[in-house]
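Novice: Only the shape, not the letters, is given here:
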Ligand code: PLP
């Protein structure tokens with residue numbers, strides 16, 4: 001065990017500030033990072049890796065993109081926080097409204113967790129109802145009522161639901177099965193304030209909706225007067241999805257360009273319920289932080305059609321390269337995201353995702369790390385190609401994967 005990890009274990013639970021970073025799921029100690037450069041990271045021992053995690057999504061432009069660094073430096077020189085409005089908050093809000101369907105007004109917050117928690121408060125206030133429907137394997141941050149069958153780090157650690165959530169909060173959450181219409185019809189009724197889902201679920205690995213399923217969710221919620229909340233924390237500003245109209249949308253990651261920033265938005269009549277326009281209270285000392293809005297705006301400026309085409313090409317090249325290596329692995333990919341599942345066929349729901357060969361993925365991930373390739377330390381997370389990844393990075397990953405697979 002490294003000295004740094006030992007020291008960290010003394011003062012932080014599990015030695016980390018977010019569970020998946022511990023790498024326990026792939027049976028090894030965490031890697032302490034010294035710096036990032038484009039698509040690569042360097043650890044404290046000087047080992048260099050091609051990074052397919054990219055901070056779990058925010059770094060669509062790669063590490064330390066010069067435009068993002070310059071924007072943050074220039075903002076920092078003028079003060080790091082005022083607790084008063086800045087024009088950059090409006091600029092970013094306008095960009096979000098322009099780029100994200102269904103978002104007419106938006107509130108900036110600090111994390112995806114805060115954004116989903118706040119969006120559900122608005123949904124409950126607007127409908128006068130308490131119950132929320134979510135899908136097994138979808139992760140919406142560590143909001144108390146959304147920790148059941150939550151995928152992501154809970155799936156990685158084998159935690160079905162967290163202790164510390166009150167019975168009342170758990171009772172207000174109903175769980176449906178992804179891609180299963182009957183299970184949705186079984187729980188969506190007049191008591192439901194909102195159904196929340198990831199339109200492109202990426203927290204049980206990447207498990208897209210079947211054709212027509214998202215439209216079905218729109219109709220099912222509309223029929224009973226419940227709101228549809230799309231959690232686009234991962235998919236937003238990364239994937240160009242066909243989305244049904246949503247009532248509320250939750251966003252994060254890319255819009256903060258690697259700094260803490262997230263947002264919730266949606267229909268104007270709903271967002272006008274939020275204080276001080278309305279009486280649904282939600283606030284934040286550092287919300288709309290000047291450094292974070294600068295990083296977010298610099299990142300969004302990079303995201304034009306050409307950039308998305310390149311991101312798509314990189315994702316496809318890596319996915320098809322990995323898929324060709326081994327028939328035990330099914331690779332699912334979309335623009336900017338992919339998951340190699342250790343399973344003969346791609347999963348369509350959480351139970352199927354959990355039936356993957358978790359130990360095989362763990363050995364594969366360890367093998368990649370030994371060869372200078374840094375994958376998610378969990379079968380239940382997506383890989384995040386960025387604009388900084390080149391054909392050479394893709395080739396290096398495929399060569400390393402071939403060697404790692406041959407050892408399984
Ligand atoms: N929603 C989704 C879809 C996510 O993937 C995440 C985090 O990975 C969150 C919400 C929570 O975001 P945060 O980690 O910023 O609280």
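Specialist: Looks like it came in fine. Computed from a prediction, not measured in an experiment: that's the story for all the values here.

Novice: and this structure, which of its residues are near the ligand?
Specialist: Contacts of the chain with the ligand, taken as C-beta under 6 Å from any ligand atom, map to 56, 111-113, 116, 139-141, 198, 203, 231, 233-234, 252, 262. For every residue, glycine as well, the C-beta is placed using N, CA and C.

Novice: Looking at this structure, which residue is nearest the ligand?
Specialist: Closest to the ligand within the chain is residue 112: 2.2 Å, counting by C-beta to the nearest ligand atom.

Novice: got a pLDDT number for the residue lying closest to residue 75 once chain neighbours are set aside?
Specialist: Leaving aside its chain neighbours, residue 75 sits nearest to residue 294 (3.9 Å; criterion: C-beta to C-beta, 6 or more residues apart in numbering). For residue 294, the model assigns a pLDDT of 98.

Novice: isn't residue 209 right up against residue 179?
Specialist: Yes - at 6.5 Å, residue 209 counts as touching residue 179 under the criterion of C-beta atoms under 8 Å.

Novice: circling back to that earlier point, list the contacts of the residue nearest to residue 75.
Specialist: Neighbouring residues of residue 294 by C-beta atoms under 8 Å, 6 or more residues apart in numbering: 71-72, 74-75, 88.

Novice: Next up, the contacts around residue 169.
Specialist: 144-145.

Novice: that's a helix at it, yeah?
Specialist: Yes - assigned with DSSP: H, G, I helix; E, B strand; the rest coil, residue 169 falls within a helix.

Novice: confidence score at it?
Specialist: pLDDT, read off for residue 169, is 86.

Novice: Just the helices from the chain, written as ranges.
Specialist: For the chain, the helices defined by DSSP state H cover 3-11, 66-77, 87-99, 112-127, 152-157, 167-171, 181-187, 213-224, 268-271, 290-302, 305-323, 350-354, 358-370, 391-406.

Novice: Worst mean pLDDT among those helices?
Specialist: Across these, helix 152-157 has the smallest mean pLDDT, namely a mean of 68.

Novice: on that earlier part again, what's the distance between the residue nearest to residue 75 and residue 176?
Specialist: Using C-beta to C-beta, to the nearest Å, residue 294 is found at 39 Å from residue 176.

Novice: low-confidence ranges in the stretch 151-300 of the chain?
Specialist: 152, 155-160 (pLDDT under 70).

Novice: what ranges do the strands span in it?
Specialist: For the stretch 151-300 of the chain, the strands defined by DSSP state E, counting those that start in this stretch cover 173-176, 192-197, 227-231, 248-251, 262-266.

Novice: neighbouring contacts of the fourth one?
Specialist: Applying C-beta under 8 Å, 6+ apart, the contact partners of strand 248-251 are 96, 100, 102-103, 106, 112, 115-116, 119, 122-123, 140, 194, 196, 227-233, 236-237, 262-267, 270.

Novice: same thing but at 7 Å, please
Specialist: 96, 100, 102-103, 112, 115-116, 119, 122-123, 227, 229-233, 236, 262-266, 270 (C-beta atoms under 7 Å, 6 or more residues apart in numbering).

Novice: And for the third one?
Specialist: Here strand 227-231 makes contact (C-beta under 7 Å, 6+ apart) with 116, 119, 123, 126-127, 140, 193-199, 217-218, 221, 243, 246-250.

Novice: ok, the residue nearest the centre of the chain to residue 48 distance?
Specialist: Centroid-nearest residue in the chain, with C-alpha atoms, centre = their mean: residue 234, separated by 3.4 Å. The span separating residue 234 from residue 48 equals 26 Å under the rule C-beta to C-beta.

Novice: swap in residue 279?
Specialist: 53 Å.

Novice: likewise residue 13?
Specialist: 29 Å.

Novice: So if I had to pick from the two, which one is more boxed in?
Specialist: Neighbours around residue 13 and residue 48, counted as other C-beta atoms under 10 Å, are more numerous at residue 48. The numbers are 13 against 10.

Novice: For the residue nearest to that one when sequence neighbours are not counted, list each beta-bridge partner.
Specialist: Nearest residue to residue 48, sequence neighbours excluded (C-beta to C-beta, 6+ apart): residue 42, at 5.1 Å. On the basis of DSSP bridges, residue 42 is bridged to residue 35, residue 48.

Novice: For residue 42, list the residues it contacts.
Specialist: 34-35, 48.

Novice: mind listing what residue 85 touches?
Specialist: Counting by C-beta under 7 Å, 6+ apart, residue 85 has no contacts.

Novice: Tell me, what's the model's pLDDT at it?
Specialist: For residue 85, the predicted pLDDT is 98.

Novice: again with residue 34
Specialist: On the pLDDT scale, residue 34 gets 98.

Novice: about what we covered before: if you skip the residues just before and after it, what's nearest to the residue nearest to the centre of the chain?
Specialist: For residue 234, the spatially nearest residue (C-beta to C-beta, 6+ apart) is residue 202, at 4.7 Å.

Novice: And the one you found, how close does it get to residue 56?
Specialist: 10 Å.

Novice: between those two, which one's more packed in?
Specialist: residue 202 (32 against 19).

Novice: Count the residues that sit near residue 233.
Specialist: 30.

Novice: how about the closest residue to residue 184 other than its chain neighbours, what does it touch?
Specialist: The shortest distance from residue 184 to any non-neighbouring residue, by C-beta to C-beta, 6+ apart, is to residue 176 (4.9 Å). Applying C-beta under 7 Å, 6+ apart, we find residue 176 in contact with 133, 135, 183-184, 187.

Novice: Which of the residues you listed has the largest number of neighbours?
Specialist: residue 135 (28 neighbours).

Novice: so who does that one touch?
Specialist: 176-178, 197.

Novice: Tell me which two of the residues you listed sit farthest apart.
Specialist: 177 and 197 (11.6 Å; C-beta to C-beta).

Novice: Settle it for me: which of those two has more neighbours?
Specialist: Looking at residue 177 and residue 197 with other C-beta under 10 Å, you find the greater number of neighbours at residue 197, namely 23 against 19.

Novice: and the more buried one, bridged to which residues?
Specialist: Bridge pairing for residue 197 - DSSP bridges - gives residue 230.
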